[in-house]
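Undergrad: Sequence below, structure please.
(2 chains)
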Number of protein chains: 2
Amino acid sequence: MKAISQNADYSFRVETCFLPGQFPLYRPDMGIVVIIDILRATSAMVAAFEHGVKEIIPVSTIEEAQQYIGRDGYIAAAERNGEVVDGFAVGNSPLAFKAMDLHDKTIVMTTTNGTRAINLARDARKLVIGSFLNLTALTDWLLQQNDNILLLCSGWKDKFSLEDSVFAGAVMDRLLESGKFGVEEDSSIASKYLYLAARDNVMSILKAAPRRKRLKELNLLDDVKYCLTPDQARAIPMLRDGKLVKMPV
Amino acid sequence: MKAISQNADYSFRVETCFLPGQFPLYRPDMGIVVIIDILRATSAMVAAFEHGVKEIIPVSTIEEAQQYIGRDGYIAAAERNGEVVDGFAVGNSPLAFKAMDLHDKTIVMTTTNGTRAINLARDARKLVIGSFLNLTALTDWLLQQNDNILLLCSGWKDKFSLEDSVFAGAVMDRLLESGKFGVEEDSSIASKYLYLAARDNVMSILKAAPRRKRLKELNLLDDVKYCLTPDQARAIPMLRDGKLVKMPV
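TA: Numbers count the residues shown, from 1 in each chain, chains lettered A, B, ... in the order given. Down below sits the predicted model:
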């Protein structure tokens, strides 16, 4: 491991927060928050905007989402533990969203981890949605911002998630390269090294953990491959008045 | 990143917990807990046992440690934010302990992170102290155990610590190699990859983070180098009735 190279005179910070529970420790002075839930909430959100959805309302509970089942112009989506919740037509599958007619629709969505992270950080000056799907579009936009950036990993049931952290490292790598941004936290440095270790074969990071074996058992491997393939979208969802909309807003 | 290789038929688990705050999530079914606070509490503890100390009593507060100042047979040690607390002769410097006459003495010790992690996990079936100093001795012993093992990183003020995680990865690497142990958590896999990235030059991981710049400013670089040099000790401290003693007990 070489010392991480960064411009000593950087203007703004970019940091990786591994867990929603750690957010209060990282929050001070961080203006822009990027929400990351690679498998699969934030990937699904980016895919939905890329395929014409008007807006997404992230909600914390299944009950809130249920109120929108069957309502004209709305798609109610709910996922828990990797599966579509009973009574809902869709959960957090980006491929399922792609197969639907989303034009001018509003998705109301609740997921195990991702929508929780969004609600936790909803008071950020700017809150945007990141995934491998919009990696280049997102980093292009972030590089233009004059503000500190927090990459907030959603994790899995309050525990560290490898794919979220690897993605944060991918963003980190590009932002540090610019010289405009620098890091101060060990977690940020670690995310960059995890990305460097994973970048040649992101799919391979799937092959160990039981949680991903579970996705395999649920026949979601196509979804997983899609979620790990960079740069399939230019859409950057941003939170406005409690709703995600596509930039520019 | 290649998929982590592990024996599919492992007998016991070994997992890395990045933060004391995450301990309740990792605790179930983990019999042996290894406490890790590389800079510098657990390194200092191992060094003290290697140099003849009889026992170490980890305490949470400065007030508890203060009661032992000047008491015959006791050495009161207190560190906060990398510095010796006013009124104490020593903090958590392994080199300072090495320079003292420790024979038949009891150290009463409080530190910013490490002693807190010990107190959090004090009900474990077995609690032992890990550092680069006793890496081989510790892993030799762990490999003989028939129990699940949790590598508990102390972190830095509730945040992720790179050197703690790299050390956990070093232990992880050796235990997985045996085929006897396997992992289920993403954090465990990440720690192994961080170790693989760092192992050729552990010192280099120091060069980025402000916390370590602070140790440098405090003229503690000799201490840091010592803490990152593997296999200078065979002592494995173990908790017994609230006190750390040297194995075999």
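Undergrad: which is the next helix or strand following the longest helix along chain A?
TA: When chain A is parsed with DSSP state H, its longest helix is helix A:162-177. As assigned by DSSP states H and E, the chain's next helix or strand after helix A:162-177 is strand A:181-182.
Undergrad: Can you give the strand pairings for that next one, parallel or anti for each?
TA: Partners of strand A:181-182 in the sheet, by DSSP bridges, are strand A:12-17 (parallel).
Undergrad: Packing partners of the lowest-mean-pLDDT helix or strand in chain A?
TA: Within chain A, no helix or strand scores below helix A:210-217, which has a mean of 71 by mean pLDDT, DSSP states H and E. Counting contacts by 3 or more CB pairs under 8 Å, 6 or more residues apart in numbering or on different chains; DSSP states H and E, helix A:210-217 is packed against helix A:221-227. Every residue, glycine included, has its C-beta placed from N, CA and C.
Undergrad: and the helix or strand containing residue A:25, average pLDDT?
TA: Applying DSSP H and E as the criterion places residue A:25 in helix A:23-26. Helix A:23-26 comes out with an average pLDDT of 96.
Undergrad: What are the buried residues along that helix?
TA: Residues A:23, A:25, A:26 are the ones in helix A:23-26 that count as buried (16 or more other CB atoms under 10 Å in any protein chain shown).
Undergrad: can you give me the helices for chain A?
TA: Taking DSSP H as the criterion, chain A carries its helices at A:23-26, A:41-50, A:62-66, A:94-98, A:114-120, A:135-143, A:162-177, A:186-198, A:210-217, A:221-227.
Undergrad: Just want the most central residue of chain A.
TA: For chain A, residue A:36 is the residue whose C-alpha lies nearest the centre (CA atoms, centre = their mean; 2.5 Å).
Undergrad: Thought residue A:131 was touching it, still the case?
TA: Yes: under the criterion of CB atoms under 8 Å, residue A:36 makes contact with residue A:131 at 7.4 Å.
Undergrad: Do I have it right that residue A:232 meets residue A:135?
TA: No: if you go by CB under 8 Å, residue A:232 and residue A:135 don't touch, sitting 9.4 Å apart.
Undergrad: pretty sure residue A:14 contacts residue A:187?
TA: No: the criterion here is CB under 8 Å, and residue A:14 misses it with residue A:187 at 11.5 Å.
Undergrad: Would you confirm that residue A:172 contacts residue A:192?
TA: Yes: between residue A:172 and residue A:192 there is a contact under CB under 8 Å: 4.7 Å.
Undergrad: shared neighbours, those two?
TA: Residues touching both residue A:172 and residue A:192 by CB atoms under 8 Å, 6 or more residues apart in numbering or on different chains: residue A:183.
Undergrad: still on that earlier bit, intersection of neighbour lists for residue A:36 and residue A:131?
TA: A:42, A:167.
Undergrad: Could you export the helix holding residue A:25 as PDB, CA atoms only?
TA: Coordinates of each C-alpha in helix A:23-26 appear next as PDB, following Å, rounded to 0.1, in the frame of the first residue of the first chain:
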ATOM      1  CA  PHE A  23     -23.400   9.500   9.800                       C
ATOM      2  CA  PRO A  24     -23.700  11.900  12.700                       C
ATOM      3  CA  LEU A  25     -19.900  11.700  13.200                       C
ATOM      4  CA  TYR A  26     -19.200  12.500   9.600                       C
END
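Undergrad: which helices and strands sit right next to that helix?
TA: strand A:12-17, strand A:149-153.
Undergrad: just to revisit the earlier point, what packs against the longest helix of chain A?
TA: strand A:12-17, strand A:32-36, helix A:135-143, strand A:149-153, helix A:186-198, helix B:186-198.
Undergrad: Out of these, which is closest to residue B:109?
TA: Residue B:109 lies closest to helix A:186-198 among those, at 23.8 Å (CB to CB).
Undergrad: Go through that closest one and flag the buried ones.
TA: Quick answer for helix A:186-198 (16+ other CB under 10 Å): A:186-198.
Undergrad: So is that helix next to chain B?
TA: Yes: Helix A:186-198 lies within reach of chain B by CB under 8 Å from any CB of the partner chain, at A:186, A:187, A:189, A:190, A:193, A:194, A:196, A:197, A:198.
Undergrad: Output those as JSON lines; include the columns pLDDT.
TA: Listed next are the residues of helix A:186-198 next to chain B as JSON lines, based on pLDDT from 0 to 100:
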{"residue": "A:186", "pLDDT": "94"}
{"residue": "A:187", "pLDDT": "96"}
{"residue": "A:189", "pLDDT": "93"}
{"residue": "A:190", "pLDDT": "95"}
{"residue": "A:193", "pLDDT": "91"}
{"residue": "A:194", "pLDDT": "93"}
{"residue": "A:196", "pLDDT": "91"}
{"residue": "A:197", "pLDDT": "88"}
{"residue": "A:198", "pLDDT": "88"}
